[in-house]
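> Just the structure for this:
(one chain, ligands or ions: 1)
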Amino acid sequence: MTQVRHDRPTWPGRIPRHKIAELYKKEALGICDEVLIDDVGIGLLVRIEHIFRARKANSGLASCPFCRREIPHDFDPAFLLRCQACNWELVWAEYQKSFQGKHLIASGMTAFLEEYVEKYRVARSPQEKLILIDTLIHRYHWELEGGLTGPGARDLIAGKTSEVIDFLNQLSYGSRSSPEILSTRQEWLDKVRKSRERHASAVEERELKAAKKRQKAEDKKRRSILKAEARQAGRAKRSNSERSNAGEVHDGT
Ligand SMILES: [Zn+2]
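Model (predicted):
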């Protein structure tokens, strides 16, 4: 009997920034590089397929890394995922570790990812494909719900969130860039600005709250000092008057 395999599933990484940069440089010069467009476009399709697979695993349905057969689990770290056909098994904790921290959950991006997959599969011209890529990488998480929590590209393009934003801000555009791409560019800049403003006002609100809290604590401290002083003054007054009353009694005798 062959030995049981315990391979961890592997997940494709995000698209390297240099490929995207090249894509926009060429587009700005009016050069259509179909191979590069397909390379990036299909890379995104594969990445999205794995995002959906990781999400499914995270909600109770893992899959065999060899035949892709779905295997239900109960989230117990020791749960043994097993595919008899491929002679493979792995505990859920190990399986989960294989995709954690790899930007594979992409919450708030579902509609955009699905839209991309659906349209890219039937897109014919390179220009059509490029516009789909361009639209997808300029989305924001929870954009549909009115939130702008972070760029969707952080799950699709390699780099830290701030690096990805700077990178997208600096892509090449020119008079040969298509109007759709130029309009997405403008929308993107507006989203970045709005998101930054919201972040700044949230920070301001937090700082204001903290300042109010500090002020309240100081007021409380001051009040308790004043109370203590008043009590002390009251005691001193009482003992003075007691002393003088005792004197009067004494004097009267
Ligand atoms: Zn299998």
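> who in the stretch 51-200 of the chain is up against the ion?
64, 66, 67, 69, 83, 85, 86 (CB under 5 Å from the ion). Any C-beta I mention is one placed from the backbone N, CA and C, and that applies to glycine too.
> how about the nearest residue to the first one once chain neighbours are set aside, phi and psi?
Across the structure, with CB to CB, 6 or more residues apart in numbering as the measure, the residue nearest residue 64 apart from its sequence neighbours is residue 83 (3.7 Å). The main-chain torsion angles of residue 83 are listed as degrees, to the nearest 10 and equal phi -120, psi 110.
> ok, now which ones touch the closest residue to the ion within the stretch 151-253 of the chain?
Scanning the stretch 151-253 of the chain for the residue nearest the ion gives residue 155, at 26.8 Å (criterion: CB to the ion). By CB atoms under 8 Å, 6 or more residues apart in numbering, the contact list for residue 155 reads 14, 51, 103, 104, 105, 106, 109.
> Can you tell me the SS state at the fourth one?
Same thing as residue 104. coil (DSSP: H, G, I helix; E, B strand; the rest coil).
> my guess is it contacts residue 51, does it?
Yes. Residue 104 is in contact with residue 51 according to CB atoms under 8 Å; the separation is 5.2 Å.
> Please enumerate the helices of this protein.
17-28, 34-58, 92-99, 110-122, 126-137, 161-169, 179-252 (DSSP state H).
> Residue 149 is nearest to which of the ones you listed?
When these are compared by CB to CB, helix 179-252 sits nearest residue 149, at 7.7 Å.
> Which other helices and strands does that closest one contact?
helix 126-137, helix 161-169 (3 or more CB pairs under 8 Å, 6 or more residues apart in numbering; DSSP states H and E).
> count of residues packed around residue 152?
Here the number of neighbours of residue 152 (other CB atoms under 10 Å) works out to 22.
> swap in residue 24?
Residue 24, neighbours per other CB under 10 Å, totals 20.
> now do the one 4 residues further on
Other residues near residue 28 number 16, with proximity taken as other CB under 10 Å.
> measure it to residue 41 for me?
The gap separating residue 28 from residue 41 is 18 Å, by CB to CB, to the nearest Å.
> Please apply the same query to residue 134.
11 Å.
> who touches both of those two?
With CB under 8 Å, 6+ apart, residue 134 and residue 41 have no common neighbours.
> Does residue 47 touch residue 40 like I think?
No. Using CB under 8 Å, residue 47 makes no contact with residue 40, being 10.3 Å away.
> Find residues that contact each of those two.
Residues touching both residue 47 and residue 40 (CB under 8 Å, 6+ apart) are residue 15.
> Who wins on neighbours among the contacts of residue 155?
Most surrounded of the contacts of residue 155: other CB under 10 Å gives residue 109, at 26 neighbours.
> check contacts around residue 70.
Counting by CB under 8 Å, 6+ apart, residue 70 touches 56, 61, 62, 63.
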